[in-house]
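Asks: Below are the sequence and a predicted model; questions follow.
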Amino acid sequence: MAATFTMLRAPRRDAIRRRLDRWRATRPHRRARIPEPIWAAAVGLARQDGLSQTARALGLSHTTLKQRLQAYGAAATEGMPTFVELAPVPTLGTCVIEVPGPDGHALRIHVQGLLVADLLALSRAVWSSA
C-alpha cells in the first residue's frame, strides 16, 4: 500500500526534480544557493515521503534537507499560541421546566445553573419514559 501512495505522489516529485535540474543547468556558478521556493517544495515532499527517500530522489544533501525540515517545522510552530483560553460552559439561569403527562398531571422542575448539556440529557430521559 505504501508503494501505491508513493506512485501517486511521483508526478509531484518529478516536477520538483525537473525544477531543480532546470535550476542546476542555469545557475550562475556551481556553489550558488538553491532558491527558497525549491527548498520549500523539497521540504513539503520530505514531510510526505520521508527525508531519505526525498533527498535521494532529488539529489539533495540529506543533512541540509534535514536541517531545512527542522527549520520549517520550527517556523510553523512559532506563531502558534501556547495558551488557549476556553470559553465558559454555557449554563442556564433559574428556570422552570414543565412536562405534561398523558394523564393530565404535569411534572414541574425548578432548576438553577443547569448546564445546557445536562438539560438536554434530562429532556431526553423525561421524553423517552413518557
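Replies: Perfect, thanks for sending it.

Asks: Quote the end-to-end distance of stretch 107-116.
Replies: Stretch 107-116 has its terminal residues 19 Å apart, counting by C-alpha to C-alpha, to the nearest Å.

Asks: contacting residues around that stretch?
Replies: Stretch 107-116 is contacted from outside by 89-101, 119, 122, 126, using C-beta atoms under 8 Å, 6 or more residues apart in numbering. Yep, even glycine has a C-beta here, placed from its N, CA and C like the rest.

Asks: Next: stretch 58-75.
Replies: 13, 16-17, 20, 34, 39-40, 42-43, 45-47, 51-52, 54-55.

Asks: Check stretch 122-130 too.
Replies: So stretch 122-130 is contacted by 97, 99, 101-102, 107, 109, 114 (C-beta under 8 Å, 6+ apart).

Asks: cool, stretch 88-102 as well?
Replies: 106-117, 119, 122-123, 126-127, 130.

Asks: Quick one: buried ones out of the contacts of stretch 107-116?
Replies: Applying 16 or more other C-beta atoms under 10 Å to those, the neighbour count classes residue 119 as buried.

Asks: what about residue 65, how many neighbours?
Replies: Neighbours of residue 65 under the rule other C-beta atoms under 10 Å: 20.

Asks: Tell me the spacing between it and residue 47.
Replies: Residue 65 sits 11 Å away from residue 47, taking C-beta to C-beta, to the nearest Å as the criterion.

Asks: sorry, back to before: among the contacts of stretch 88-102, which ones are in strands?
Replies: 106-111 (DSSP state E).

Asks: Quick check on the residues you listed: which are buried?
Replies: By 16+ other C-beta under 10 Å, the ones in strands among the contacts of stretch 88-102 give no buried members at all.

Asks: got the residues you listed as JSON lines, with pLDDT and distance to residue 69 columns?
Replies: Listed next are those as JSON lines, based on pLDDT from 0 to 100; distance: C-beta to C-beta, whole Å:
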{"residue": "106", "pLDDT": "81", "distance to residue 69": "67"}
{"residue": "107", "pLDDT": "78", "distance to residue 69": "63"}
{"residue": "108", "pLDDT": "82", "distance to residue 69": "64"}
{"residue": "109", "pLDDT": "80", "distance to residue 69": "59"}
{"residue": "110", "pLDDT": "82", "distance to residue 69": "61"}
{"residue": "111", "pLDDT": "81", "distance to residue 69": "55"}
